[in-house]
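[1] Just to be clear, the model below is a prediction. Sequence and coordinates:
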Amino acid sequence: MIESICEFPAHNSTNEEIKEILSNYKVVAVVGISNKPDRDSFRVASFLKERGYKIVPVNPNYDTVLGEKCYPNLSSIPFTVESVDIFRKPDAVPPIADEAIKIGAKVVWMQIGVVNNEAAEKLIKNGIKVVMNKCMMIEYNNLFPDFPDTTGQFCEAYED
């Protein structure tokens, strides 16, 4: 078995860009979401939903997550998605990035442990903002300290 090589982000959004993303893009497709409350994808999506974001679960294994219809992939979502939050292994990112381009997403966010520079370059060339190896919940807590996560839990990595 060949292990994936851990990449470091060749480019990443600044804190100012991340604050702008979190402030302005409120429809978030969560790719690789789990229906298990102890999983980071579930906790992050729940956290965002509690703060007014529209969460769109994406996982072919579920019908609903967090009371929201779950879609098998980005292309099957019948409305506009602004951000794509990826909870998948780095080698799963390229086809998700292609779908994000196809659906006109504005942001692709790769969670902690998820870096794919080739996909990021393609997204940026297509005018999509990219955040890699960062957690939306942690960044929200850092940039909007008046509305912190009070659970004391933190994201650790992708969940495949």
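    On my side now, so go ahead.

[2] what's the neighbour count on F8?
    By the criterion of other CB atoms under 10 Å, F8 has 9 neighbours. Using the backbone N, CA and C atoms, a C-beta is placed for each residue, glycine as well.

[3] what kind of secondary structure is it in?
    Secondary structure for F8, judged by DSSP: H, G, I helix; E, B strand; the rest coil, is coil.

[4] Would you check that it makes contact with V115?
    Yes - F8 is within contact range of V115, at 6.7 Å (criterion: CB atoms under 8 Å).

[5] shared neighbours, those two?
    N133 (CB atoms under 8 Å, 6 or more residues apart in numbering).

[6] helix/strand/coil for K134?
    coil.

[7] now it, nearest residue through space, not along the chain?
    I112 (6.5 Å; CB to CB, 6 or more residues apart in numbering).

[8] Please spell out which residues along stretch 104-115 are buried.
    The neighbour-count check on stretch 104-115 (16 or more other CB atoms under 10 Å) flags A105, K106, V107, V108, W109, M110, Q111, I112, G113, V114, V115 as buried.

[9] scratch that, stretch 85-101
    The neighbour-count check on stretch 85-101 (16+ other CB under 10 Å) flags 85-90, 92-93, 96-101 as buried.

[10] Which ones among those residues map onto strands?
    D85, I86 (DSSP state E).

[11] and which of the buried residues of stretch 85-101 is nearest to N133?
    P90 (9.7 Å; CB to CB).

[12] lowest-confidence helix or strand of the chain?
    Lowest on mean pLDDT, DSSP states H and E among the helices and strands of the chain sits helix 136-143, with a mean of 94.

[13] for that one, packing partners?
    Contacts defined by 3 or more CB pairs under 8 Å, 6 or more residues apart in numbering; DSSP states H and E place helix 136-143 against helix 15-24, helix 40-50.
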